[in-house]
Every structure is written in structure tokens, then in C-alpha cells.
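Colleague: generate coordinates for the sequence data below:
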Amino acid sequence: MSHYATPPRRSSLPLVLAGAAFVMTSYLVLDRAGWFRSAPSAEPRPITPRGDLMEVERTTTTIFARYSPAVVHITTEVLARTMFGIQRHQEGTGTGFLWDAGGTVVTNHHVVKSVLDSGGRLKIALGDEIYDGAPIGQSPQHDIAVLRIVAPPRDLVPIPIGSSGDLQVGQTVLAIGNPYGFERSLTTGIISALNRSIETAQSQMNGLIQTDAAINPGNSGGPLLDSSGRLIGMTTAIYSPSGTSAGIGFAVPVDSINEVVPQLLDGNTAQRYLGATIGASIRLDRRTGHSVGVPILAVEQGAGAEAAGLRPCGIDGGQRIISWGDVIVAIDGTQIRSISEVHRMLRGRKRGEQVKVTVLRGEPDAAQQVEVSVALK
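Modeller: Below you'll find the predicted structure:
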């Protein structure tokens, strides 16, 4: 009888392990492919409540909300004679701020220099509303100019006045302006230095505040505020060796502003006005006896020009004269050839003072010379 050995049974463990590895690999591949993930929700995510603002944030937002309405956007327009007639062009842009509740605006002299020197029109944007502006006084050596909003709205709130004599390096400052035309933009920084001096096109300016708050073209004339929301300066210049807007900012101290502005409003240097918007010089028919004059473009309601019966020229949408009113040729017997000569003749006069204004009225080839008495404002 023969006996055969029973062959050993093969273990199933390798097969089980191989199967488990296959299943695990398949799961990982499919999971990576997103097969086992739920579809993303199409509902908006819930809002996570935030805590209170930091103290410095509350201060900054409160100051901006309260005093940014007192910051204005100034644009200057000049008239130029072209082959298509007299047309108006935007010359520059800048910032200003309300000095009082009556619509007085303070800005840099260099912001409105082109209009003061050669004639043109000032536009002052206060929020969404745009108003005509009129110059009152200027101090080029301080880079300060004072303007007036023609027919301002009621309930204007000026920025409270602070002091610059007790400022300290390191104090927080806030600058509000219209850089590159972006209205009422806020930047913050610190006072970097005090009593700085810089050279300008007009003169050397001394006693300036230096700040690292970002100041760009369009910021000029804007307010510099302290952490209490008080006016401590007016941004005026950027020192930039690279020629770009990246550099050091400077501001006229408020103590200087608070000394100069009242003088311009009431002192011997005050700029009076007729209550009319006048344009750049135009040539006249020599048969009238005058070679050059300045046209009246608009008359302010209730002002001396309107009371005296002065008539504005009509201008179309392209800023061309389409109907002739009055063209000023003399004031108090002195011939007028430009808007700067008008300003020079009226500067230093008293409010309510009467001046004799000589105009040519009507079409250039048939104009009549008329003399009226106008009360200054």
C-alpha cells in the first residue's frame, strides 16, 4: 500500500493584501478626482461678526466722516482763441477747504495761479454740486489764495482751526484731497519734521510742516488735520528728486494761514470783485477806440454787476461767444486789457465802493460805449 504526501495549502493572505491595496489605491485616486466629495454650496457664505474697531480706526473714520464734506475740488478753466472761435480749456485741478459757513474757500495760490494771472473761470465742486468760484485774495509768498463760492448752499460746516505752534514730530496727521481727480481721498501718516524750508517758483517758503502722509498731484490746497480733526496745515508741495510723486510732503502751517487769510479778506490786499465772471482778452475793432477788452460771461444774481445792468455774452456748448453783451474796456478811466488788470484795479478797494466801469455793448462792428457805476463786494 503506497502513501502520498498531501501538498501544503497555499495562503490567501497575499491575495487579500493585494486586493486591499487595490481598493485603497482606487479610493485615493477617486477621492483625488473628487468622486466622494459633496458638490459646493451655491448659497452665500455666512458673515462672520467682527469685533469693535480699534481706537485709531474709530478716530480716523469719525474725522473723515465729519470733515470731508468741507473739502472741495477746484478746477481752473481758461479761454483761448482758436480757429473755431473762443473756446474753454481745463487748465488744472486741486483741492481747497471751507474757511467759514459763508462759502469762503482757502487753497494754494499755485492751484489757481493761471486764472488769477491770465483770466478764466474757477469751478468749485462741493460733493456732487458744482459752483462758480471767484477770487478774493492771494499771497504768492505764502502760497495761499482765498476764493468765494458764488451762491453757496446753506448749512456749510468748516473745519475747526487748530494750532501749529505746539506740534510735535511723530504726531498722527490726516490729509484729505483730490489726488489725480479722485475726490475726497484720505491718507494718513505722521509729522516727520517741523520748520522746513523749500524753494518755490515764487519764493522760499519757511516754517513748513514735513509729513510722510501720501501727497500727490491734486492734493495741493487740501487740509492737513491732527488726530482731533483740527486744521493744522494745508498741503502745498512734494519734494521729489526722482521727478515723480514719490517724495516728501510739505504743508503750510495753520498759524500762518490764520494770519494771512483774515488780511486777504479784510486788509489792504483784499481782492474785490464786480459780481461778474469775465473771460480772457479779445481783440476789438479799432473803430471803437479800443483794441482789446475782456468779455463778461456771467453776472451774479444780486451782485453789483447785475444791479448796474451789465449784460453777459451768450456762450454755446462749445464755449464760443454766440451773442454779444458787454466787454469791459476801462475801470475808473484806466484802460483794461486783461483779467489781471481788472484784479489789479479792484484790489485793496472797500466793500460797497463804487467804481466806474466802461463797456462796449452789442455786436463788435456796431458796439456802443456805456459807462455804469458798480458796487464792489
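Colleague: what mean pLDDT does stretch 182-191 get?
Modeller: The average pLDDT within stretch 182-191 is 93.
Colleague: for the remainder of this discussion, apply numbering that starts at 93.
Modeller: Happy to do that; since the first residue is 93 now, the last one works out to stretch 274-283.
Colleague: and the residue nearest to Ile370 when sequence neighbours are not counted, what's its pLDDT?
Modeller: Spatially, and ignoring its direct neighbours in sequence, Ile370 is nearest to Val386 (4.9 Å; Cβ to Cβ, 6 or more residues apart in numbering). Where you see a C-beta, it was placed from the backbone N, CA and C, and this is true even at glycine. pLDDT recorded at Val386 is 88.
Colleague: ditto for Pro227
Modeller: pLDDT recorded at Pro227 is 89.
Colleague: please determine how far it is located from Glu149.
Modeller: Using Cβ to Cβ, to the nearest Å, we find Pro227 at a distance of 39 Å from Glu149.
Colleague: look at the two and report which has more neighbours.
Modeller: Pro227 (19 against 10; other Cβ atoms under 10 Å).
Colleague: hmm, Asn200 and Pro232 touching each other?
Modeller: No. The criterion here is Cβ atoms under 8 Å, and Pro232 misses it with Asn200 at 10.0 Å.
Colleague: comparing the two, which residue is more hemmed in?
Modeller: Asn200 (25 against 16).
Colleague: what about the nearest residue to the more buried one once chain neighbours are set aside, how many neighbours?
Modeller: Nearest residue to Asn200, sequence neighbours excluded (Cβ to Cβ, 6+ apart): Gly313, at 4.2 Å. Neighbours of Gly313 under the rule other Cβ under 10 Å: 31.
Colleague: same check on Phe114?
Modeller: Look at Phe114: counted by other Cβ under 10 Å, it has 10 neighbours.
Colleague: helix, strand or coil: sort out it for me.
Modeller: Secondary structure, DSSP: H, G, I helix; E, B strand; the rest coil: Phe114 is helix.
Colleague: how near is it to Asp123?
Modeller: In terms of Cβ to Cβ, Phe114 sits 15 Å off from Asp123.
Colleague: pLDDT score assigned to the residue nearest to Asn200?
Modeller: pLDDT, read off for Gly313, is 94.
Colleague: isn't it up against Thr185?
Modeller: No. Contact status for Gly313 versus Thr185: not in contact, 10.0 Å apart, counting by Cβ under 8 Å.
Colleague: now the common contact residues for the two.
Modeller: Residues touching both Gly313 and Thr185 (Cβ atoms under 8 Å, 6 or more residues apart in numbering): Ile166, Val203.
Colleague: if you rank every helix and strand of this protein by mean pLDDT, what lands last?
Modeller: One helix or strand of the chain scores below all others by mean pLDDT, DSSP states H and E: strand 177-190, with a mean of 74.
Colleague: Asn350: what secondary structure?
Modeller: Per three-state DSSP, Asn350 ends up helix.
Colleague: I'd guessed it sits against Ile251; true?
Modeller: No. Assessed by Cβ under 8 Å, Asn350 is found out of contact with Ile251, at 12.0 Å.
Colleague: looking at those two, which is more packed in?
Modeller: Neighbours per residue (other Cβ under 10 Å) separate Asn350 from Ile251, with Ile251 holding more: 23 against 15.
Colleague: got the contact list for Gln460?
Modeller: Contacts of Gln460 (Cβ under 8 Å, 6+ apart): Leu452, Arg453, Gly454.
Colleague: most neighbours, which of those?
Modeller: Leu452 (25 neighbours).
Colleague: those helices in the stretch 93-242 of the chain, which residues are they?
Modeller: With helices called from DSSP state H, counting those that start in this stretch, the stretch 93-242 of the chain shows them at 105-124, 147-159, 201-210.
Colleague: pick out the shakiest of those helices, pLDDT-wise.
Modeller: When I compare those, helix 105-124 is least confident, with a mean of 79.
Colleague: which parts of that helix are buried?
Modeller: Buried residues in helix 105-124, counted by 16 or more other Cβ atoms under 10 Å: none are found.
Colleague: just checking, what packs against it?
Modeller: Helix 105-124 sits against no helix or strand, with contacts defined as 3 or more Cβ pairs under 8 Å, 6 or more residues apart in numbering; DSSP states H and E.
Colleague: show me what contacts the spatially most central residue of the chain?
Modeller: Nearest to the geometric centre of the chain sits Thr187, at 2.7 Å (Cα atoms, centre = their mean). Listed by Cβ under 8 Å, 6+ apart, the contact partners of Thr187 are 163-166, 199, 203, 268-270, 310-314, 327.
Colleague: cool, Met297 as well?
Modeller: Gln233, His234, Asp235, Ser289, Ile290, Glu291, Thr328, Ala329, Phe342, Val344.
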